[in-house]
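Undergrad: Build me a model from this:
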Amino acid sequence: MEWKIAFIGFGTVGQGFAEILLEKKELLRERFDIKYRVVAISDMLKGSIYDKNGLDLKKILDMVKAGRKLDEYPGGIKGLDALATIKETDSNLIVEVTYTDVKTGEPALTHVKTALNEGKHVISTNKGPPVKAIEELKKLADEKNVFYSFEGVVLAGTPVFNLLEYCLAGNKIKEVKGIVNGTTNYILTRMEEGMSYSDALKKAQDLGYAEADPTGDVEGWDALGKIVILSNTIFNANLKLEDVPREGITNITLDDIKSAKDEGKRWKLIASARIREDNTVEAKVGPEKLSLDDPLAGVNNAVNALTFVTDELGSVTIVGPGAGRRETGFALLIDFINLNRIFG
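TA: Residues are numbered from 1 along each chain as shown. Below is the predicted model of the structure:
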């Protein structure tokens, strides 16, 4: 099968995936027998372009990096919005990488539903749809016999769902807990070195870890969306954002940091979910003082980590990048390879 790819959104992550596709085209063909062409791209800021014969991805990347619009691409059909690109092109794989809104799931939720209803496969790094409607989307994908995967929504390219599905298969997962937001982990690391919260936040913003409005990170909203996805995927919990207590790091002071250090502990923003004795699920996000012998306590800077507490292996911790252009693009590559294994 030849995969005909349409990008919905073409920001940092979409471009990162496009770069990987270009660079690894021969490897994908030789090792995985993957053949593809990118036929459409639709971005609310950059415009849209569709050519059923395939787009020159290198030319498009060069244009976008130079600040030019997709409308300037020679040839092809211009002006299709996201939904028209999904419905009216002959694509069979939708890469949904628009901006994330975990509170409403939109516009990505509508994009994913539309694609699945059209019988098209979807890979995505957007947290919104799985936060709001993971069970509905999985059921719809099954009914339409199509693939919907979102490996990158928790730790970017560091494996989470594939780790659970393959390497930890056969284990009962009792608890999952971890550092799932690199911005707050970076800030806490700098504060432990003596930097004030405001200075550490400014440094994170200068480095591109934190947005101009850092609320989603420092108030725990990003971590909240991720633990809801993990809870609902691992434990079938059917939790909503409002069901989970959330606290960020804005109330942690340098005195708190020093006090924890004196106790042989370290503050981390921890997202966790566990099965209670009555088989209900308890999830939460908030700062915790961890003993230095906890593997999560040794994870510093913008690095992320997750610990899975299992019945057969005990605690298994995976550490790696949780964000980044290529790192998140790599998660889409893994989803693409898995799609090809099943439907190729």
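
Undergrad: so where's the chain uncertain?
TA: Residues of the chain meeting the criterion pLDDT under 70: none.

Undergrad: For it, which segments count as strands?
TA: Counting by DSSP state E, one finds strands in the chain at the ranges 2-8, 35-43, 47-50, 77-78, 93-96, 121-124, 148-149, 173-179, 265-275, 281-291, 303-310, 314-321.

Undergrad: Nearest to residue 333, out of those strands?
TA: Comparison of those against residue 333 by Cβ to Cβ identifies strand 121-124 as nearest, at 9.2 Å. Where you see a C-beta, it was placed from the backbone N, CA and C, and this is true even at glycine.

Undergrad: got TSV for the strands of the chain, with mean neighbour count too?
TA: Rendered in TSV, the data for the strands of the chain read as follows (neighbours: other Cβ atoms under 10 Å):
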stretch	mean neighbour count
strand 2-8	23
strand 35-43	22
strand 47-50	24
strand 77-78	14
strand 93-96	27
strand 121-124	28
strand 148-149	23
strand 173-179	22
strand 265-275	22
strand 281-291	18
strand 303-310	22
strand 314-321	16
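
Undergrad: is it possible to export the ones you listed to JSON lines including distance to residue 333?
TA: As requested, the strands of the chain are exported to JSON lines (distance: least, Cβ to Cβ, whole Å):
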{"stretch": "strand 2-8", "distance to residue 333": "12"}
{"stretch": "strand 35-43", "distance to residue 333": "11"}
{"stretch": "strand 47-50", "distance to residue 333": "22"}
{"stretch": "strand 77-78", "distance to residue 333": "27"}
{"stretch": "strand 93-96", "distance to residue 333": "11"}
{"stretch": "strand 121-124", "distance to residue 333": "9"}
{"stretch": "strand 148-149", "distance to residue 333": "11"}
{"stretch": "strand 173-179", "distance to residue 333": "23"}
{"stretch": "strand 265-275", "distance to residue 333": "25"}
{"stretch": "strand 281-291", "distance to residue 333": "29"}
{"stretch": "strand 303-310", "distance to residue 333": "19"}
{"stretch": "strand 314-321", "distance to residue 333": "14"}
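
Undergrad: between those strands, which gets nearest to residue 140?
TA: Set against residue 140 and scored by Cβ to Cβ, the strands of the chain come closest in strand 148-149, at 7.9 Å.

Undergrad: Contacts for the closest one next, please.
TA: Strand 148-149 has contacts (Cβ atoms under 8 Å, 6 or more residues apart in numbering) with 112, 116, 121-124, 137-138, 140-141, 161, 335, 338-339.

Undergrad: Residue 202: which of the strands of the chain is closest?
TA: strand 265-275 (18.5 Å).

Undergrad: Tell me which other helices or strands that closest one touches.
TA: strand 173-179, helix 182-192, helix 221-234, helix 254-262, strand 281-291 (3 or more Cβ pairs under 8 Å, 6 or more residues apart in numbering; DSSP states H and E).

Undergrad: Including distance to residue 41, could these go into TSV?
TA: Formatted as TSV, those follow (distance: least, Cβ to Cβ, whole Å):
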stretch	distance to residue 41
strand 173-179	34
helix 182-192	28
helix 221-234	26
helix 254-262	45
strand 281-291	35
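
Undergrad: closest one to residue 56 among those?
TA: Per Cβ to Cβ, nearest to residue 56 of the helices and strands packed on strand 265-275: helix 182-192, 34.0 Å.

Undergrad: quick one on the thing from earlier: buried ones among the contacts of strand 148-149?
TA: 112, 116, 121-124, 137, 140-141, 161, 335, 338-339 (16 or more other Cβ atoms under 10 Å).

Undergrad: Sort out which one of the residues you listed lies nearest residue 259 for me.
TA: residue 161 (37.3 Å).

Undergrad: if I pick the residue nearest the centre of the chain, what's in contact with it?
TA: For the chain, the residue nearest the mean C-alpha position is residue 153 (2.1 Å; Cα atoms, centre = their mean). Neighbour list for residue 153: 124-127, 130, 226, 229 [criterion: Cβ under 8 Å, 6+ apart].

Undergrad: go again using 10 Å as the cut-off
TA: Counting by Cβ atoms under 10 Å, 6 or more residues apart in numbering, residue 153 touches 100, 102, 124-131, 160-161, 225-226, 229-230, 233, 328, 331.

Undergrad: re the thing from before, what's the closest of the contacts of strand 148-149 to residue 301?
TA: residue 161 (24.5 Å).

Undergrad: Do I have it right that the closest one meets residue 226?
TA: No: applying Cβ atoms under 10 Å as the test, residue 161 and residue 226 come out as separate, 11.8 Å apart.
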